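> no FASTA, just this:
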């Protein structure tokens, strides 16, 4: 009875569309990817900055290599995200 | 503010440690098999970077 009442009350309200589980999963994966891409980019910039202010050459080299690796990782994730969102 | 080399190494070691954990956790929530492989590779690379940073810290007489 209550269900009918609510249904009638909300009849003129805009209806929400429910996504199917596959679409929801896809959306979740996409949002994870966006987060990972931005984190990789920030970490890469941080490594670049660190490699510039290091005193020890070995440490500077390590940070430079890490920055390069993070840039590659970011590109891989970006490419996959673009392939996912392409029609 | 001045950072010493050790500060930067410790900070980056912590970052890679967190990244390895986060990638491993996210991997369990991914259903797409290709993406899962990419995330697994990222988790391994983060752990490898953590090891490199930890080794550099140990070589300089500190501990991670």
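Arrived safely. Here the structure is a predicted model, which means the values were calculated and not measured.

> Using the three-state scheme, assign the most centrally placed residue in chain A.
What sits nearest the mean C-alpha location of chain A, by Cα atoms, centre = their mean, is residue A:34, with 1.7 Å. Going by DSSP: H, G, I helix; E, B strand; the rest coil, the secondary structure assigned to residue A:34 is helix.

> which residue sits closest to it, ignoring its sequence neighbours?
Counting by Cβ to Cβ, 6 or more residues apart in numbering or on different chains, residue A:81 is the residue found nearest to residue A:34 once chain neighbours are left out, at 7.0 Å. The C-beta positions use only the backbone N, C-alpha and C, and glycine is treated the same way.

> and the helix or strand hosting that neighbour, what does it pack onto?
In the assignment (DSSP states H and E), residue A:81 maps to helix A:57-85. Helix A:57-85 sits against helix A:21-53, helix B:5-27, helix B:33-59, with contacts defined as 3 or more Cβ pairs under 8 Å, 6 or more residues apart in numbering or on different chains; DSSP states H and E.

> Report whether the shortest one contacts chain A.
Yes - counting by Cβ under 8 Å from any Cβ of the partner chain, chain A is contacted by helix B:5-27 at B:5, B:8, B:9, B:12, B:15, B:19, B:23, B:26.
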